[in-house]
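> have a look; sequence and predicted model below, questions after that.
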Amino acid sequence: MLPSERVSIYRLVYPDGNALRDEGVFANAPELVYDEDGSVSYARWPQGRFLTRIAPEAPAAVIDIGLALETDNPEAHESLLDAALAVDAAEAARLVPRVEQWLETPAQWQLPLKTQELPRRRAGPRRDGGDVPRRWSGRP
């Protein structure tokens with residue numbers, strides 16, 4: 001199935017494009033669990049893979065979900081960054097402040113490496129007048 005067909009099916013089932021979000025399907029990603037021995041575990045968040053797949057067809061809705069999501073779940077963070085990397089640079093730039101926050105979370109996988117891809121996709125400075133943090137660029 002082509003990505004546009006998946007999104008078309010999604011829109012047939014949820015015609016206004018926001019029903020899944022409005023039903024709270026994306027509102028909560030499971031939080032990290034800190035064990036007594038100091039280890040950290042997490043629960044999967046398959047909604048993130050779905051958002052990554054539909055991002056090129058519904059970029060604003062996906063970025064809005066990323067901006068609203070409050071979690072320390074590394075799978076959720078990486079999925080939303082993957083989604084941002086799949087959309088227009090100006091739309092992806094809206095997620096920059098959230099990604100900066102996610103970089104502060106204690107458990108991460110590939111997020112620090114993936115953030116280096118975002119500046120390569122950007123067309124210019126952020127809307128708020130700032131630029132992508134230097135630490136994302138891989139340069140000192």
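Perfect, I can see it now. This one's a predicted model, so the numbers in the text were calculated from it and none came from an experiment.
> look up how far S39 lies from L67.
30 Å (Cβ to Cβ, to the nearest Å). (Glycine included, C-beta is placed from N, CA and C.)
> run a quick neighbour tally on the closest residue to A83 other than its chain neighbours.
Using Cβ to Cβ, 6 or more residues apart in numbering and skipping the chain neighbours, the partner closest in space to A83 is A55 (3.8 Å). The tally of other residues near A55 (other Cβ atoms under 10 Å) stands at 27.
> returning to what we had before: neighbour-wise, which of L67 and S39 wins?
Neighbours were counted for L67 and for S39 using other Cβ under 10 Å; L67 has more, 12 against 8.
> the more buried one is in contact with V96, isn't it?
No. Using Cβ atoms under 8 Å, L67 is not in contact with V96, being 10.4 Å away.
> residues shared between the contacts of these two?
The contact sets of L67 and V96 do not overlap (Cβ atoms under 8 Å, 6 or more residues apart in numbering).
> using CSV, write out every CA atom in stretch 59-71.
Presented in CSV, the C-alpha positions along stretch 59-71 are these (Å, rounded to 0.1, in the frame of the first residue of the first chain):
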residue,chain,number,x,y,z
PRO,A,59,2.6,17.2,8.5
ALA,A,60,0.9,19.9,10.5
ALA,A,61,-1.2,17.4,12.4
VAL,A,62,1.8,15.2,13.3
ILE,A,63,3.9,18.1,14.4
ASP,A,64,1.0,19.4,16.5
ILE,A,65,0.9,16.0,18.2
GLY,A,66,4.6,16.1,18.9
LEU,A,67,4.3,19.6,20.4
ALA,A,68,1.5,18.5,22.7
LEU,A,69,3.0,15.2,23.9
GLU,A,70,4.5,15.1,27.4
THR,A,71,6.6,12.0,27.9
